[in-house]
Structures are given as structure tokens and as C-alpha cells.
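Enquirer: Sequence first, then the predicted structure, then my questions.
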Amino acid sequence: MRYGILSDIHSNLEAFDAVCAALTKERLDACLFIGDLVGYGADPHECIIKMKSLAPKVLIAGNHDWGVLGLLDMDYFNEYAASAVAWTARMLKPAEMDYLKSFVLFHEEGNFTLVHGSLNQPAKFNYILDDDDAFLNMRLSRTPLCFVGHSHYPAIFILESDGAIRVPAVKVKIEGNKKYVVNVGSVGQPRDGDPRASYVIYDDEDNTVEIRRIIYDVERAQEKILKAGLPAWLATRLAEGR
Ligand code: ZN
């Protein structure tokens, strides 16, 4: 199987469009989504419609999806995130809320697990930011591969004899005796200093995982955020990738 794996779209239609266009050229068997379809951006309705048409095999819930549904305490969010969550909750129709409600906290299948933040209490949306966080996740994972999002930092961690280490590669060959945590990065709000949308291609026949980046119309996404009356910082940060 060849999978396209997406996370943290955050109502950014321009980024989502660009990634979907790239995926159509990939001979994929399935897509997997690992959370935060909404929040931050100005196009929640359109992103929900697009996600429904993409029809991923698995839809994982992110903290912003849960925030919009009222399932997460608002104290969890910083002021920019909280105002975007509140704005999104006002915009969405009951059927759109029901769609977000259908997302699951984690999913295990074959040799991989999907979770938005970490397997360390998935409903708490903890972050995997460093080698120690990745190592804890590997110990909790029953599968060799675990795909995560949430931090918006694309990264590949591999289990070595004395713990997990982050490797600088964007493409790795999966070896049977190792464990991996792969952060697929963010489609709609990258934070690693590279403003391009991030996603992953996982091929379980040639056993490779690859982080891909693609440019999109950042300016148009920014204009929509400002026009919607969302915090200006949410527009500014898109151009900076942080
Ligand atoms: Zn996110």
C-alpha cells in the first residue's frame, strides 16, 4: 500500500488544495489524516468539504477539532488559538460538527499507529518535541511505526540501542528490527521556519517514509484570515513558517 499522510490543515484551503493536487500524482492507495482539520485559518467549511471528498481511510481528532467541539478546556489554548477556536465554533453548522465528532483519538493498523499528539495519554494532546518524548512514545507503541502531528515540526525519530534519536533525513528506509516516530509536519501552518506545506508519503512495499514539502498561495490564505477578522499574527506567521 502507498499512503499519503496529512496533519494540521487548520482551515488553510490554499495549502490543502496544493497538497491534494500533489497527491493526485502519487498513485496512492489511501490517505490518512492525523488531526486538526480546523482552527487558525479562514476556510473551515471548504476544508471540511475537501476532506470529505478526499475520504481518508482514517480520520484522527486533533486538539483544535476537540476545542471547537467543546471537548477540551479552553485554558489549553493560547490566546490566538483560543480566538480561532471560538470563531470556528461559531461558523460551523451542526452537520460539520458531527463530522468532526466522528474523528477518533488513535488508530492502530498493521505495522503503524496514528495519533495526533502522543500515545502518552492521547486525549491530553501531549507533544513529541525531542528524543525523550519520542522514546516514551515508542515504548507505548505496539507497532514499529507511529505517525504523529501536533507540533507542526516535520521530523523522523529512530530507536537506537540507548534511546530515540532524531535523524536529519527527510526519507528513511524502514527496517524490521527498529522503531520509528514520524511527525508528518503541518499542511496549513508549518512552524519549522519553512513556510511550505508538509505531508508524508509512506510506501509499505518499498518500505520508505518520505517527508515532502510544497509551495502554496500563502498570500491568499493570509488575506482571507485578515478579512475574517482573525488575529493578524495568524496571517503573518504563515509567511514565516513559524
Ligand atoms: Zn495543529
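Expert: Happy to help now that I have it. As the structure is a computational prediction, the values presented were derived from the model and not from experiment. Numbering: from 1, shown residues only.
Enquirer: Residue 103 is in contact with residue 61, correct?
Expert: Yes. With contact defined as C-beta atoms under 8 Å, residue 61 reaches residue 103; the gap is 3.7 Å. Where C-beta positions appear, they are placed from N, C-alpha and C, glycine not excepted.
Enquirer: between those two, which one's more packed in?
Expert: Between residue 61 and residue 103, counted using other C-beta atoms under 10 Å, the more crowded position is residue 61 (27 against 20).
Enquirer: Could you report the pLDDT at that one?
Expert: On pLDDT, residue 61 comes in at 98.
Enquirer: what's the answer for residue 160, then?
Expert: At residue 160, the pLDDT value in this model is 87.
Enquirer: Counting neighbours, what do you get for it?
Expert: 13.
Enquirer: Could you report the separation of it from residue 132?
Expert: Here residue 160 is placed at a distance of 13 Å from residue 132 (C-beta to C-beta, to the nearest Å).
Enquirer: so how far is the helix ranked longest in the chain from its chain's centroid?
Expert: Taking DSSP state H as the criterion, the chain has its longest helix at helix 79-91. Averaging C-alpha positions (C-alpha atoms, centre = their mean, to the nearest Å) puts helix 79-91 18 Å from its chain's average.
Enquirer: next SSE after that helix?
Expert: For helix 79-91, the following helix or strand on the C-terminal side (DSSP states H and E) is helix 94-101.
Enquirer: Show me which parts of the helix or strand following that following helix are buried, residue by residue.
Expert: On the C-terminal side of helix 94-101, the closest following helix or strand by DSSP H and E is strand 106-109. Across strand 106-109, burial judged by 16 or more other C-beta atoms under 10 Å covers 106-107.
Enquirer: Could I get the CA-only coordinates of strand 106-109 as PDB?
Expert: What follows is strand 106-109 as a C-alpha-only set of coordinates in PDB (Å, rounded to 0.1, in the frame of the first residue of the first chain):
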ATOM      1  CA  PHE A 106      -5.900   7.000  17.800                       C
ATOM      2  CA  HIS A 107      -5.800   4.200  15.300                       C
ATOM      3  CA  GLU A 108      -3.600   1.000  15.000                       C
ATOM      4  CA  GLU A 109      -3.400  -1.000  11.800                       C
END
